[in-house]
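S.K.: give me coordinates for this.
(one chain, ligands or ions: 1)
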Amino acid sequence: MLASLKEILVKAREKNQAVAAFNVPNLEMVRAAIQAAEEMNMPVILQHAEGHGSLITLEEIGPIMIQYAERSTVPVVVHLDHGKSFEVIMQAMKLGFTSVMIDASDLPFEENVARTQEVVKAAHSLGVSVEAELGHVFTSSLGGGEGRAPDDDQIGDTDIYTDPEQAKEFVDATNVDCLAVAFGTVHGIYLKEPRLDLQRVKEIYKEVKIPLVMHGGSGVHAEDYQAAIKNGITKINYYTYANQAGADALRKHLNEEKQDYFLEDCIAVTTEALKEDYVRAIEIFSGQ
Ligand code: 13P
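M.R.: Residues are numbered from 1 along each chain as shown. Have a look, this model is predicted:
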């Protein structure tokens, strides 16, 4: 069933769990994510990043995401990830997305506040939840994820980490439902061992008291996920490692000694590998 982000995050927080948010820019990922959530009997977030428009457009994949969410036996949020333009955010809401992200994290604080306020006003009037970002989560050149330019030179720069007091000011001014925070995670594959500032997550949560979002959820150590969740992370965005798991399974299949290969078998093998990877992620994020 189609679900509200705000509601499922509040419930997850009470149980000290995080909800998996999978970017699904093709039908195989949509199907695998729903299968994994149903197998685990857990809620899930299907999301489409504005930057994935080069893989598939919002108009193409959006209605498919909604249809699978409506038919699912578990609560499914359909969310716009890294919405940059007001037009695309409005378009997602018109398609029936139950949640949107406004990512103005590369703009000065006041502009980030103003653009987020504008989106919150429109979204909340329609019962749609809003995620915003304060601080900035960098993107690696390896498997960077959402069509953003890589920031390799800046990775490790702690100046862009979210400041707890500023986060409070931001949340009070905007009334967002959840907040993406920067504390050392990176979109894509880590070029260096991740070193997360988990204490900062705790301090931010103490100030804002709303669910926090981890971007760059691939490649984090299991114990760091657990500590981050305990400290306030309640939504974990996860894409690159599932994307790799699907490709690895396909390579293995194509290396088997066979006379003939068929696309339908390749798709089945890939979908199964994605589902298994999603199940593992849901297990870790929900502490099972
Ligand atoms: P990864 O691609 O690193 O898993 O991050 C996904 C993400 O943060 C989507 O917004």
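S.K.: at the geometric centre of this structure, which residue do we find?
M.R.: residue 237 (2.7 Å; CA atoms, centre = their mean).
S.K.: which of the three states applies to that residue?
M.R.: Using DSSP: H, G, I helix; E, B strand; the rest coil as the criterion, the local structure at residue 237 reads strand.
S.K.: tell me which stretches of the protein form strands.
M.R.: All strands of the chain, identified by DSSP state E, fall at 19-23, 44-49, 76-83, 99-102, 129-134, 178-181, 212-214, 233-238.
S.K.: the fifth one and the ligand in contact?
M.R.: Okay, so that is strand 129-134. No. Judged by CB under 6 Å from any ligand atom, strand 129-134 and the ligand are separated, with a smallest distance of 9.6 Å. Where you see a C-beta, it was placed from the backbone N, CA and C, and this is true even at glycine.
S.K.: what's the average pLDDT for that strand?
M.R.: The average pLDDT within strand 129-134 is 98.
S.K.: residue 243: how many residues sit nearby?
M.R.: 19 (other CB atoms under 10 Å).
S.K.: let me know the angle separating the longest helix along the chain from strand 233-238.
M.R.: The longest helix of the chain (DSSP state H) is helix 263-285. Following axes from the mean of the first three to the mean of the last three CA atoms, to 10 degrees, one obtains 160 degrees for the angle between helix 263-285 and strand 233-238.
S.K.: how much does helix 263-285 deviate in direction from strand 44-49?
M.R.: 120 degrees.
S.K.: next, the buried residues of helix 263-285.
M.R.: By 16 or more other CB atoms under 10 Å, the buried positions in helix 263-285 come out as 267, 269-271, 273-279, 281-282, 284-285.
S.K.: how about residue 276, what does it touch?
M.R.: By CB atoms under 8 Å, 6 or more residues apart in numbering, the contact set of residue 276 is 36, 245.
S.K.: repeat for residue 16
M.R.: Applying CB under 8 Å, 6+ apart, we find residue 16 in contact with 229-230, 287.
S.K.: out of the residues you listed, who has the most neighbours?
M.R.: Ranked by neighbour count (other CB under 10 Å), those have residue 229 at the top, with 23 neighbours.
S.K.: and for the closest residue to it other than its chain neighbours, the neighbour number?
M.R.: Spatial nearest neighbour of residue 229, excluding adjacent residues (CB to CB, 6 or more residues apart in numbering): residue 18 at 4.8 Å. Residues near residue 18, counting by other CB under 10 Å, number 30.
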